[in-house]
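Colleague: this is the structure alone, sequence omitted:
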């Protein structure tokens, strides 16, 4: 099974198939997941009688700012995966080459970082403590997946080049200074 997934990841898909995969993924990450966070955080806030973290215009400005910044960073990484890497974030349509250019020069998982930042922006925008907790829990699960599954797959596909990249590039907290 593991070898079959690696073989699928090494297969280059047409731009049309990659765009179709991105559309499906976009529906999930831009529609279903935020909708679920809003819905379930509302339920949890009422059930646990949690106070709102509403600070008026502050929530609007900070929340929208984080959403926009997070989405732009995530979309930048997806664009780089699609163009330079000739792949997608979908594991079976993985990039065909190791990407170490910007945005991947700052951290190994800019798409995950952007998604987390946008999620926190949403939680602040809707002024929900439980939404913050849900976003942090989902972020923790994503990081566990990255460490246990994705990094092993990347090492199997790209070998020493990935190990060297991993050694000099942080996992999620960006480093914006030049490498020595």
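Modeller: Structure's in. What do you need? Note that the structure is a prediction, hence the values are computed from the model and not measured.
Colleague: the most far-flung residue of the chain relative to its centre and residue 123: what is the separation?
Modeller: Centroid-distance maximum for the chain: residue 49 at 30.6 Å, with Cα atoms, centre = their mean. Distance, residue 49 to residue 123, by Cβ to Cβ, to the nearest Å: 18 Å. The way it works is simple: take the backbone N, C-alpha and C, and place the C-beta from them, glycine included.
Colleague: one more: residue 44?
Modeller: Distance, residue 44 to residue 123, using Cβ to Cβ: 12 Å.
Colleague: okay, now the unreliable bits of the chain?
Modeller: Across the chain, the ranges flagged by pLDDT under 70 are 1-10, 177-180.
Colleague: which one's the longest helix in it?
Modeller: When the chain is parsed with DSSP state H, its longest helix is helix 57-83.
Colleague: pick out the residue closest to the middle of this structure.
Modeller: Note on the chain: the residue nearest the mean C-alpha position is residue 112, at 2.1 Å, using Cα atoms, centre = their mean.
Colleague: wait, a helix at that one?
Modeller: Yes: membership of residue 112 in a helix is supported by DSSP: H, G, I helix; E, B strand; the rest coil.
Colleague: which residues in the chain form helices?
Modeller: For the chain, the helices defined by DSSP H occupy 2-10, 15-27, 33-48, 57-83, 110-125, 129-145, 151-168.
Colleague: and those helices, which is most packed in?
Modeller: helix 110-125 (a mean of 23; mean count of other Cβ atoms under 10 Å).
Colleague: now do it: which elements does it pack against?
Modeller: Contacts defined by 3 or more Cβ pairs under 8 Å, 6 or more residues apart in numbering; DSSP states H and E place helix 110-125 against helix 33-48, helix 57-83, helix 129-145.
Colleague: how about a markdown table for the ones you listed, with distance to residue 13 added?
Modeller: Formatted as a markdown table, the helices and strands packed on helix 110-125 follow (distance: least, Cβ to Cβ, whole Å):
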| stretch | distance to residue 13 |
| --- | --- |
| helix 33-48 | 24 |
| helix 57-83 | 11 |
| helix 129-145 | 22 |
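Colleague: which of those helices sits closest to residue 175?
Modeller: Judged by Cβ to Cβ, the one of the helices and strands packed on helix 110-125 that comes nearest to residue 175 is helix 57-83, at 14.2 Å.
Colleague: just want the angle from the closest one to helix 15-27.
Modeller: Counting by axes from the mean of the first three to the mean of the last three Cα atoms, to 10 degrees, helix 57-83 lies at 160 degrees to helix 15-27.
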